[in-house]
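Engineer: Fold the following and give me the result.
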Amino acid sequence: MSALMLYSNNLSGPFRLFLLSCPNLILLDLAHNKFVGKLPTWIANKLPQLSYLRLRNNTFSGSIPAQLTDLRHLQFLDLACNRISGSIPHSLSNLEVMIQDLQGTLSNPLAWNNERPASPDIYGLQKYDDSLEVVIKGQYLAYTSNIIYMVGLDLSHNNLVGEIPDEITSLVGLRSLNISHNQLSGKIPEQINLLRSLESLDLSWNELSGEIPPSLSDITTLSKLDLSYNYLSGRIPSGNQLQTLTDPASSYTGNIYLCGPPISRNCSWPVASGHVDEHQSDSEARDLYLAMAVGFVLGIWAVFVTLLFSRRWRATYFKLIDKLLCCIETYMASNFKGA
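Structural biologist: Residues are numbered from 1 along each chain as shown. Sure thing, here's the model as predicted:
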């Protein structure tokens, strides 16, 4: 068996152990079910031929096992819409197919069409009559013809943290990269332009900061870009490819420290990071004043409660007030006489 598609079947439980006996599996689609538990560490050893792995819309948890990147033939990985946590593995460069320029031939190619029977065609590519659903450029696309050049990585809508590893820029064969809706921080990798085959890039709804690398405009194949709702700052890079995006301003929505075309905010400061630092200083000062105010109120409240419920402390307090008023009265009287 080389393909197993069980998507949208209301299946539940942990990752199926019967797959241990399917070493020739090339395609595995378990999307839109109710599977739970951690992703197994044995996938690369027991399913070494796997090229297409789609597990989106389940309830898988835990971190992405580093062993997953030992799948030499993997060209499409979709783990979106689960509860996966931890960081993105730095071993991404082990994904041998994804680091290839796939304009050439693949070591384990897939082709799909509506023809039967399932047998090699004249190019030696396996054919199936099922369609494959891929989310790219914000749309569900059903591949019923050739998926041999579809290379993608989708880790969106999870609980991933940490920085985007620089190793992700080694996946030069990627056509689609979606790591949106996580809690990723740090900067966008400076050499993002190495992803020269990228058509769709979605980094939205994270906690990314710093400036957008100017090299982003060097990706001439890019047709969809979404960097919205992060903490990016500085001038938006210009470039021929970035000017061709549909509704380019929406790509940067929610980044209040970005400036320059295509958004309406002018770059009126020399270095955006200075404004970010100023904003952070103002925020820290505001937090300090708030803490002082809360402390003052709590202190007054503590004194009030003590005086309300303790007769001894109340008597002492009023004696102290009387003594203080007496001292003030004496001081003012002596000054008045002196005048």
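
Engineer: thought residue 168 was touching residue 88?
Structural biologist: Yes. Counting by CB atoms under 8 Å, residue 168 touches residue 88, with 7.0 Å between them. (Each C-beta comes from the backbone N, C-alpha and C, glycine too.)

Engineer: Please confirm that residue 300 is located within a helix.
Structural biologist: Yes. Counting by DSSP: H, G, I helix; E, B strand; the rest coil, residue 300 falls inside a helix.

Engineer: For it, give its distance to residue 293.
Structural biologist: 11 Å (CB to CB, to the nearest Å).

Engineer: now do residue 9
Structural biologist: 57 Å.

Engineer: One more: residue 54?
Structural biologist: Look at residue 54 and residue 293: by CB to CB, they are 53 Å apart.

Engineer: The two: which is more packed in?
Structural biologist: residue 54 (23 against 10; other CB atoms under 10 Å).

Engineer: For that one, list each beta-bridge partner.
Structural biologist: residue 29, residue 78 (DSSP bridges).

Engineer: again, but for residue 226
Structural biologist: Beta bridges link residue 226 to residue 202 when assigned by DSSP bridges.

Engineer: Check what pLDDT it gets.
Structural biologist: Per-residue pLDDT puts residue 226 at 96.

Engineer: go on, the one 10 residues further on?
Structural biologist: On pLDDT, residue 236 comes in at 94.

Engineer: for the spatially closest residue to it that is not a sequence neighbour, what are its contacts?
Structural biologist: Distances taken as CB to CB, 6 or more residues apart in numbering place residue 260 nearest to residue 236, at 4.8 Å, with adjacent residues excluded. Contact analysis of residue 260 by CB atoms under 8 Å, 6 or more residues apart in numbering lists 235, 236, 238, 266, 267.

Engineer: Could you double-check that the first one sits in contact with residue 257?
Structural biologist: No. The pair residue 235 and residue 257 does not pass the contact test of CB under 8 Å, sitting 10.4 Å apart.

Engineer: which residues touch residue 62?
Structural biologist: Here residue 62 is in contact with 37, 38, 39, 84, 85, 86 (criterion: CB under 8 Å, 6+ apart).

Engineer: change it to 10 Å
Structural biologist: By CB atoms under 10 Å, 6 or more residues apart in numbering, residue 62 lies in contact with 37, 38, 39, 82, 83, 84, 85, 86.

Engineer: From residue 86, how far out is it?
Structural biologist: 7 Å.

Engineer: Could you pick out the buried ones from the contacts of residue 62?
Structural biologist: Buried members of the contacts of residue 62, scored by 16 or more other CB atoms under 10 Å, are 39, 82, 84.

Engineer: Show me the shaky parts of the stretch 101-250 of the chain.
Structural biologist: 102-149 (pLDDT under 70).

Engineer: need the strands for it, in chain order.
Structural biologist: Using DSSP state E, counting those that start in this stretch, the strands found in the stretch 101-250 of the chain span residues 132-136, 139-143, 152-154, 159-163, 176-178, 183-186, 200-202, 207-210, 224-226, 231-235.

Engineer: got JSON lines for the ones you listed, with mean neighbour count and distance to residue 29 too?
Structural biologist: Converted to JSON lines, those look like this (neighbours: other CB atoms under 10 Å; distance: least, CB to CB, whole Å):
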{"stretch": "strand 132-136", "mean neighbour count": "20", "distance to residue 29": "7"}
{"stretch": "strand 139-143", "mean neighbour count": "12", "distance to residue 29": "12"}
{"stretch": "strand 152-154", "mean neighbour count": "24", "distance to residue 29": "13"}
{"stretch": "strand 159-163", "mean neighbour count": "16", "distance to residue 29": "22"}
{"stretch": "strand 176-178", "mean neighbour count": "24", "distance to residue 29": "17"}
{"stretch": "strand 183-186", "mean neighbour count": "16", "distance to residue 29": "26"}
{"stretch": "strand 200-202", "mean neighbour count": "23", "distance to residue 29": "20"}
{"stretch": "strand 207-210", "mean neighbour count": "17", "distance to residue 29": "31"}
{"stretch": "strand 224-226", "mean neighbour count": "20", "distance to residue 29": "24"}
{"stretch": "strand 231-235", "mean neighbour count": "20", "distance to residue 29": "35"}
